[in-house]
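Enquirer: Give me a model of this one.
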Amino acid sequence: MPKASLISIASYVPEKILTNFDFEKMVDTSDEWIVKRTGIEQRHIATTEITSDLGTKAAELAIKRSGLEKSQIDAVICATISPDHLCMPSTACKIASNLGLNFGITAFDISAACTGFIYLLELANSLIVSGAKKNVLIIGAEKLSSIVDYTDRSTCILFGDGAGAAVISASEENEIIDIHTASDGRQAELLITPGCGSAFPASDETLKNRLNFIHMSGNEVFKIAVQTLSKSVIEILHANKMQSEDIDFFIPHQANIRIIDAVKNRLNFTDEQCVLTVAKYGNTSSASIPMAINDAYEDGRIKNGSVLLLDAFGGGFTWGSAILKFGGRNFSDLL
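Expert: Numbering: from 1, shown residues only. Okay, here's the model as predicted:
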């Protein structure tokens, strides 16, 4: 049975930066309050680009770094909650087209909010282990600025735009060790974009009530996230007879420094093990984990064979963890 390996990583962020000081002019908030409560200092915002543009740029680089020809990619899967179009076509189809993969390739989107990338890993891993595919391009891409209410100070400060991509390929070494994904839809309304689907179709009323934007009950989500993430990591480590010291890098979803710190401390990860990018990108939902992996990779920290533990929690609720060895070439070897 073939094994699957993550053989490349890449990311892309749009040029424009929105700082906490910019927000001081927009809503009743302060840089000090935002940093203290979230750890976020700035976020990148797409102006003319749309989600598929961000995803295409990350994907282009991921394919290049993989050493594969584009013709060897046999599936494109995109995780997003801010697709180019509601319903159809999928953002993955548009990215595949942008990349010139117009030869009848499998392409589709998934919606698992901030856990999107871990869900993508599980899908890609399953496709490769089953023998159905050999090289799967996975992309987490978000233009969250298109669904953020910039009059709601509790949510608008949190989110940014960006994309991360990876190629998962059949390989006998540096394999994906384990992936756990889960969901619980009973408290879906605590983190939701209520409008413009079949529940509240687009209408003057829907727009007037701002139902087309992200709505979040922050305190409740915080409590559930910390408990769920800690439990998820404990379970996957236990299932694989591993301890926190067996992990080279702990890469959590970058939502909030207080959530990350709470989980890190419960699980005894050191500062050196923990990858943090929340300060410069904010919460980029499905793009957050691949963007964080890429930052540590381009810094020269993550190398071929590094053991990574990924952990995420998002709307749905969805959550998941993954343990894998990095199968790509060292960044210094690409230069």
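Enquirer: Can you get me a residue count around P201?
Expert: Here the number of neighbours of P201 (other CB atoms under 10 Å) works out to 10. Using the backbone N, CA and C atoms, a C-beta is placed for each residue, glycine as well.
Enquirer: Which of the three states applies to it?
Expert: Reducing the assignment to helix, strand or coil with DSSP: H, G, I helix; E, B strand; the rest coil, the entry for P201 is coil.
Enquirer: what do you get for K64?
Expert: At K64, secondary structure determined by three-state DSSP is helix.
Enquirer: Based on its surroundings, how many neighbours for it?
Expert: As a burial measure, K64 scores 14 neighbours (other CB under 10 Å).
Enquirer: residue contacts, it?
Expert: Counting by CB atoms under 8 Å, 6 or more residues apart in numbering, K64 makes contact with A10.
Enquirer: Quick check: the gap between D295 and N20.
Expert: 20 Å (CB to CB, to the nearest Å).
Enquirer: I meant L334, not that one.
Expert: 34 Å.
Enquirer: same question, K64
Expert: To N20, K64 is 34 Å away according to CB to CB.
Enquirer: How are the helices of the stretch 101-250 of the chain distributed by residue range?
Expert: With DSSP state H, counting those that start in this stretch as the definition, the stretch 101-250 of the chain shows helices at residue ranges 116-129, 153-156, 204-208, 218-239.
Enquirer: ok, residues contacting the shortest one?
Expert: Same thing as helix 153-156. Residues from elsewhere that reach helix 153-156 (CB under 8 Å, 6+ apart): 23, 26-29, 148-150, 213-216, 218.
Enquirer: Report the buried residues of that helix.
Expert: T155, C156 (16 or more other CB atoms under 10 Å).
Enquirer: again with stretch 284-298
Expert: For stretch 284-298, burial by neighbour count (16+ other CB under 10 Å) applies to 284-297.
Enquirer: again, but for stretch 63-74
Expert: Judged by neighbour count (16+ other CB under 10 Å), stretch 63-74 contains these buried residues: I63, R65, S66, L68, K70, I73, D74.
Enquirer: of those, closest to A163?
Expert: Nearest to A163 out of these is I63 (CB to CB; 13.5 Å).
Enquirer: which residues does that closest one contact?
Expert: With contact taken as CB under 8 Å, 6+ apart, I63 is in contact with S8, K70, I73, L99, L137, V167.
Enquirer: and E245, how many neighbours does it have?
Expert: When counting by other CB under 10 Å, one arrives at 10 neighbours for E245.
Enquirer: typo on my end, it should be H253
Expert: By the measure other CB under 10 Å, the count of residues near H253 is 31.
Enquirer: which residues does it contact?
Expert: Remark: with contacts taken as CB under 8 Å, 6+ apart, H253 is in contact with C114, T115, N283, S288, I289, D311, A312, F313, G314.
Enquirer: Just the buried residues of those residues.
Expert: C114, T115, N283, S288, I289, D311, A312, F313, G314.
Enquirer: Distance from the chain centre to stretch 227-237, please.
Expert: Going by CA atoms, centre = their mean, to the nearest Å, the spacing between the C-alpha centre of stretch 227-237 and its chain's C-alpha centre is 18 Å.
Enquirer: actually stretch 280-291, sorry about that
Expert: Taking CA atoms, centre = their mean, one finds the center of stretch 280-291 at 5 Å from the center of the full chain.
Enquirer: okay, how far is it across that stretch, tip to tip?
Expert: Between the opening and closing residues of stretch 280-291 we find a distance of 11 Å, counting by CA to CA, to the nearest Å.
Enquirer: follow-up on the earlier one: would you mind giving the contacts of helix 153-156 as JSON lines with distance to M1, neighbour count and pLDDT added?
Expert: Converted to JSON lines, the contacts of helix 153-156 look like this (distance: CB to CB, whole Å; neighbours: other CB atoms under 10 Å; pLDDT from 0 to 100):
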{"residue": "F23", "distance to M1": "51", "neighbour count": "22", "pLDDT": "95"}
{"residue": "M26", "distance to M1": "54", "neighbour count": "13", "pLDDT": "94"}
{"residue": "V27", "distance to M1": "53", "neighbour count": "13", "pLDDT": "94"}
{"residue": "D28", "distance to M1": "57", "neighbour count": "8", "pLDDT": "92"}
{"residue": "T29", "distance to M1": "52", "neighbour count": "17", "pLDDT": "93"}
{"residue": "V148", "distance to M1": "43", "neighbour count": "22", "pLDDT": "96"}
{"residue": "D149", "distance to M1": "48", "neighbour count": "14", "pLDDT": "94"}
{"residue": "Y150", "distance to M1": "50", "neighbour count": "14", "pLDDT": "95"}
{"residue": "F213", "distance to M1": "45", "neighbour count": "21", "pLDDT": "90"}
{"residue": "I214", "distance to M1": "41", "neighbour count": "23", "pLDDT": "90"}
{"residue": "H215", "distance to M1": "44", "neighbour count": "18", "pLDDT": "93"}
{"residue": "M216", "distance to M1": "41", "neighbour count": "19", "pLDDT": "90"}
{"residue": "G218", "distance to M1": "44", "neighbour count": "15", "pLDDT": "82"}
